[in-house]
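Asker: model the structure of this input:
(chains A and B)
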Amino acid sequence: MPLNIYEQQKRNLANTRLFIAGFVALLAVLGMGADGLLYAGGFSPGLPLATLGALAVGGLSAWWSLREGDKAVLESAAAVPLDPSDPRQRVLDHVVEEMAIAAGMPKPAIYVVPDPDPNAFATGVGPERSSIAVTRGLLETLDRDELQGVVAHEMSHVRNYDVRLMTVVAALAGAILLLADWSRRGVWWGGRRRDSEGKGGLGILFFALWFLAVLLAPIIAQIVSLAVSRQREYLADASGAELTRHPLALASALQKIAAAVEPTRSIKQGIAHLCIEDPRGGTDDERQSWFAGLMSTHPPMANRIALLKEMAYRA
Amino acid sequence: MAAVGGCLVLLVALAVLAATWAIWRYNNLISLRNQVANGWKQIDVQLKRRHDLIPNLVSAVRGEMQFEQDTLEKVIQARNTAVAARGVADAADKENSLTQTLSRLFALAENYPNLKSNEQVKALMEELSSTENRIGFARQFYNDIATRFNIAQQMFPDNLIAQAFKFQPVELFEIKDGAERAVPQVDLSIRSDRTKS
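Answerer: Here you go, the predicted structure:
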């Protein structure tokens, strides 16, 4: 039984808290292990310094990303502000305005990425501050209705607060990666020092488990953030169709975007989760395997198109 | 004595809880009602935009579409009556006939290759068709938010609050004009027009 859009949005919010709680717990585990290591090394400052430090690193990087992340993303894609003297870009401007009215939210800032491959992405923190960027290739490939479908999809990423969630998830995943790296080095040094002291069996077990967590944390963080990204794509397709009431236009836009197998070279892999289609390019067949599915930012195009067509028949 | 005091405390606590809940639900209804009002205003904003654009478009195409003076006159007339409309029902009616005359003009313009290649006319056409879309989407948004407002008033237990404070369900925007429902038939009316002229 497919969920309707309001149920999906509600579940989305619940999932969001769950993911963030999980990431914070991972950060805390990394920090606590390091505190244990310090304590065993004879250094006891009375406060769990490493735990607090780990949480602070996570919090700071999330805070910074929310403040400056959208500018960095737009800059990395070499996006330029919309030029209203170009007729195609004026149509884009109109389409964005129309979708903002349909969504009942402020109009996002609009950017164009000078790249021949059709693609689009959204960034920002939510309806109160957001940007939508499309490639020049997208403007040249799609007709007005299809463009509207794509803009509605990106607008939904903003309206559902996907842009905020993905920004925070990416920042926390980055912090986990960094801290896990530090922890590995810490174990290396601490381990050499502890050799002379000789700790009990329980202590060794604890450190073995913690070390395993350190090794696995970055992989877990990566897989989780990819799963979040894939989930969000289906939701944005569905709520985009809710805005235009024309799911087939988005389906045909996706078909055209999928047919252009060239990668979107201007868009770095780091912001793939914000795009309408994985900028690495390639075809669905190349992503069919279980592992490729687990490691991709987007669900298979064929599934997305099939779901949109289903919506059209039901409507 | 202690038991009576305990009961009293419990009652007061329940009353405070109930009042808090009532305030919360009441404010929710008020917020929805204001969103509905705002949604309605947004439709007006877009209709105004359409009224402002039409004279520009008509004067831009007039030279080229000399054989369609009749249609152009009708558009201008429909526009002027729509601007002068008073009241919601009246305005909806006039706007609907304006939409009809406009779509006829759009369809006729397809027959004039010079118009289609004229940059200024193309820009105006895009402005106007975007405005048509905006009117449609503003109505869609209004209907969505109005439906949420109506549902909130009807669902238990919020309906108790709605009844106590006399909230009224709002009307949804509907296309009342049978002719507009049958938009695809515009094609036929063009043909009969052309045989006349």
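Asker: what is the rounded mean pLDDT of the helix or strand harbouring B:D52?
Answerer: Using DSSP states H and E, B:D52 sits in helix B:2-62. Taken as a whole, helix B:2-62 has a mean pLDDT of 89.
Asker: so it, near chain A or not?
Answerer: Yes: using CB under 8 Å from any CB of the partner chain, helix B:2-62 reaches chain A at B:35, B:39, B:42, B:46. Placement of C-beta: from N, CA and C, glycine included.
Asker: what's the distance between the residue most central in space within chain B and chain A?
Answerer: With distances taken as CA atoms, centre = their mean, the residue of chain B nearest its centroid is B:R139 (3.2 Å). Counting by CB to the nearest CB, to the nearest Å, the gap from B:R139 to chain A is 10 Å.
Asker: just checking, that residue touches B:E174?
Answerer: No: using CB atoms under 8 Å, B:R139 is not in contact with B:E174; the gap is 9.5 Å.
Asker: circling back to that earlier point, list the contacts for the residue nearest to the centre of chain B?
Answerer: Taking CB atoms under 8 Å, 6 or more residues apart in numbering or on different chains, we find B:R139 in contact with B:43, B:173.
Asker: A:K256: how many residues sit nearby?
Answerer: Per other CB atoms under 10 Å in any protein chain shown, the neighbour tally for A:K256 reads 15.
Asker: so what's it closest to, chain neighbours aside?
Answerer: A:T141 (5.4 Å; CB to CB, 6 or more residues apart in numbering or on different chains).
Asker: and for A:Q231?
Answerer: Spatial nearest neighbour of A:Q231, chain neighbours left out: A:N15 (7.3 Å); criterion: CB to CB, 6+ apart.
Asker: which helix or which strand is home to that neighbour?
Answerer: Taking DSSP H and E as the criterion, A:N15 maps to helix A:5-40.
Asker: what about the closest residue in space to B:L72 that isn't next to it in sequence, distance to chain A?
Answerer: Leaving out its chain neighbours, the residue that sits closest to B:L72 by CB to CB, 6+ apart is B:V58, at 5.4 Å. Distance from B:V58 to chain A, counting by CB to the nearest CB: 20 Å.
Asker: so B:V58 sits right up against B:Q77, yeah?
Answerer: No: using CB under 8 Å, B:V58 is not in contact with B:Q77, being 10.9 Å away.
Asker: compare those two (neighbour count), which wins?
Answerer: It is B:V58, of B:V58 and B:Q77, that has more neighbours when counted by other CB under 10 Å, with 18 against 13.
Asker: list the contacts of the more buried one.
Answerer: Counted by CB under 8 Å, 6+ apart, B:V58 has contacts B:72, B:75-76.
Asker: give the contact list for the residue nearest to A:M295 when sequence neighbours are not counted.
Answerer: Closest residue to A:M295 apart from its sequence neighbours, by CB to CB, 6+ apart: A:L226 at 6.4 Å. By CB under 8 Å, 6+ apart, the contact set of A:L226 is A:273, A:294-297.
Asker: narrow these to those in helices?
Answerer: Among the contacts of A:L226, the members falling in helices (DSSP state H) are A:L294.
Asker: so which of the contacts of A:L226 is the closest to chain B?
Answerer: Nearest to chain B, judged by CB to the nearest CB, of those is A:H273 at 28.0 Å.
Asker: correct me if wrong, but the residue nearest to the centre of chain B is in a strand.
Answerer: No: counting by DSSP: H, G, I helix; E, B strand; the rest coil, B:R139 falls outside a strand, being helix.
Asker: let me know the pLDDT of it.
Answerer: For B:R139, the pLDDT comes out at 90.
Asker: from B:L172, how far out is it?
Answerer: Distance of B:R139 to B:L172, given as CB to CB, to the nearest Å: 9 Å.
Asker: which other helices and strands contact the helix or strand encompassing A:E146?
Answerer: Element membership for A:E146 (DSSP H and E) is helix A:144-159. Counting contacts by 3 or more CB pairs under 8 Å, 6 or more residues apart in numbering or on different chains; DSSP states H and E, helix A:144-159 packs against helix A:87-103, strand A:120-126, strand A:129-135, helix A:136-141, helix A:201-244, helix A:247-259.
Asker: kindly reformat those as CSV containing mean pLDDT.
Answerer: Shown next, in CSV, are the helices and strands packed on helix A:144-159 (pLDDT from 0 to 100):
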stretch, mean pLDDT
helix A:87-103, 93
strand A:120-126, 90
strand A:129-135, 94
helix A:136-141, 94
helix A:201-244, 82
helix A:247-259, 91
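Asker: could I get these as a markdown table with distance to B:R134?
Answerer: Listed next are the helices and strands packed on helix A:144-159 as a markdown table, based on distance: least, CB to CB, whole Å:
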| stretch | distance to B:R134 |
| --- | --- |
| helix A:87-103 | 5 |
| strand A:120-126 | 21 |
| strand A:129-135 | 17 |
| helix A:136-141 | 20 |
| helix A:201-244 | 13 |
| helix A:247-259 | 17 |
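Asker: sorry, back to before: and of the contacts of B:V58, the nearest to chain A?
Answerer: Distances from chain A to these, taken by CB to the nearest CB, are shortest for B:V75, at 21.1 Å.
Asker: and that closest one, how many neighbours does it have?
Answerer: 22.
Asker: what about it, helix or strand, and which?
Answerer: Applying DSSP H and E, one finds B:V75 within helix B:69-84.
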